[in-house]
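Novice: sequence plus the predicted model coming up.
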Amino acid sequence: MAAARRRERTESALESDGIKWIFAGGEKHAATVNLVPGDSVYGEKLVKQGGEEYRLWDPFRSKLAGALKKGLRNLPIKNGTKVLYLGASTGTTVSHVSDIVGNSGIVFAVEPATRVARELIENVASKRKNVVPVLEDARRPNSYFSVFGKVDVVYCDIAQPDQTEIAIANCNAYLKPGGVMLLVVKTRSIDVLMDPKAVVVQEAKKLEKAGFAIDQVLNLEPFDKDHGMIYCFFRS
Ligand code: SAM
């Protein structure tokens, strides 16, 4: 009961941060105001309410939507936020982040795989002025020539064994002091034999050692098996 009340409080706080909770098909969904009205990026439902068009955010397709459903307390991404997004893929989550930051914000979307990067450009970046595709490997942050200035948030979802080290290197290069990093931990990419919860704890310790303050750790099941998300602040 107390947990349900806490969840409700969290959800209503997030409403002012660009998320709307919409009932559809008997379920409550997170949704974002569509920056490109009429355009559905990955087959998500479009819903009109109060003169706005919303895109329902699928927690089985996007780990950030899964984190919202699992009780992410704060969304560091708001109107006007500058985001460095590592592992953009075809742009499913990037497109919702683009809705939230709006035209006064920007999303630098890093993706080295050419096939998915082509879809990212055709379906997302070509229609959204606030998405800048960066076709580079996140292991080489100094090669991002189109990223300018410091960002407010680094979001990392790259499913690599050294994902935490890569995320830290990107924060050192681009995250402003006091900025937030959201790290998706795919535990099986790091160690298939170790207990997934222990892997998340191990990665959180690496972050603390590198000067981050951990604010929240979430388990993303049932939306994503063996995945966690770490929300942390950058101290240096
Ligand atoms: N974040 C995406 C979403 O929610 O829509 C899904 C990301 S998918 C799990 C992981 C992506 O990371 C893949 O598209 C992969 O090509 C990319 N990736 C893998 N290694 C990378 C690296 N070294 N630098 C940047 N991206 C990488």
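Specialist: Looks like it came in fine. Residues are numbered from 1 along each chain as shown.

Novice: partners of the strand ranked longest in the chain in the sheet?
Specialist: Identified as the longest strand of the chain according to DSSP state E is strand 175-186. Strand pairing for strand 175-186, determined by DSSP bridges: strand 151-156 (parallel), strand 227-234 (antiparallel).

Novice: what about it, average pLDDT?
Specialist: Mean per-residue pLDDT for strand 175-186: 96.

Novice: from the chain's centre, how far out does it sit?
Specialist: The chain centre lies 10 Å from the centre of strand 175-186; the measure is C-alpha atoms, centre = their mean, to the nearest Å.

Novice: renumber starting at 843 from here on
Specialist: Shifting the count to begin at 843 puts that one at strand 1017-1028.

Novice: give me the contacts around it.
Specialist: 905-906, 909, 918, 926, 929, 992-999, 1001, 1005-1006, 1009, 1013, 1041-1042, 1045, 1049, 1054, 1062, 1068-1078 (C-beta atoms under 8 Å, 6 or more residues apart in numbering). To be clear about C-beta, it is placed using only N, CA and C from the backbone, and glycine gets the same treatment.

Novice: that strand and the ligand in contact?
Specialist: No. Shown here: strand 1017-1028 not in contact with the ligand (C-beta under 6 Å from any ligand atom), separated by at least 7.2 Å.

Novice: centre of the chain to the helix or strand just after that strand, how far?
Specialist: Sequence-wise, the next helix or strand downstream of strand 1017-1028 (DSSP states H and E) is helix 1029-1032. With C-alpha atoms, centre = their mean as the basis, helix 1029-1032 stands 19 Å off its chain's centre.

Novice: show me what from this protein comes close to the ligand.
Specialist: So the chain meets the ligand at 904-905, 928-929, 931, 934-935, 952-955, 958, 979-981, 999-1002 (C-beta under 6 Å from any ligand atom).

Novice: what about the residues you listed, which are in helices?
Specialist: Of those, the ones assigned to helices by DSSP state H are K905, T934, T935, V958.

Novice: are any of the residues you listed buried, and which?
Specialist: Among these, those buried by neighbour count (16 or more other C-beta atoms under 10 Å) are K905, T934, T935.

Novice: could you dump these to CSV with pLDDT?
Specialist: Formatted as CSV, those follow (pLDDT from 0 to 100):
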residue, pLDDT
K905, 97
T934, 98
T935, 98
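
Novice: would a markdown table of these with distance to E869 be doable?
Specialist: A markdown table is the format used below for those (distance: C-beta to C-beta, whole Å):
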| residue | distance to E869 |
| --- | --- |
| K905 | 18 |
| T934 | 19 |
| T935 | 20 |
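
Novice: what does the pLDDT read for Q1002?
Specialist: 92.

Novice: what about the strands in this protein?
Specialist: 862-866, 869-875, 888-891, 894-899, 924-928, 948-952, 973-976, 993-998, 1017-1028, 1054-1061, 1069-1076.

Novice: within its sheet, name the partner strands of the fifth one and how each one runs.
Specialist: Strand partners for strand 924-928, identified by DSSP bridges, are recorded as strand 948-952 (parallel), strand 993-998 (parallel).
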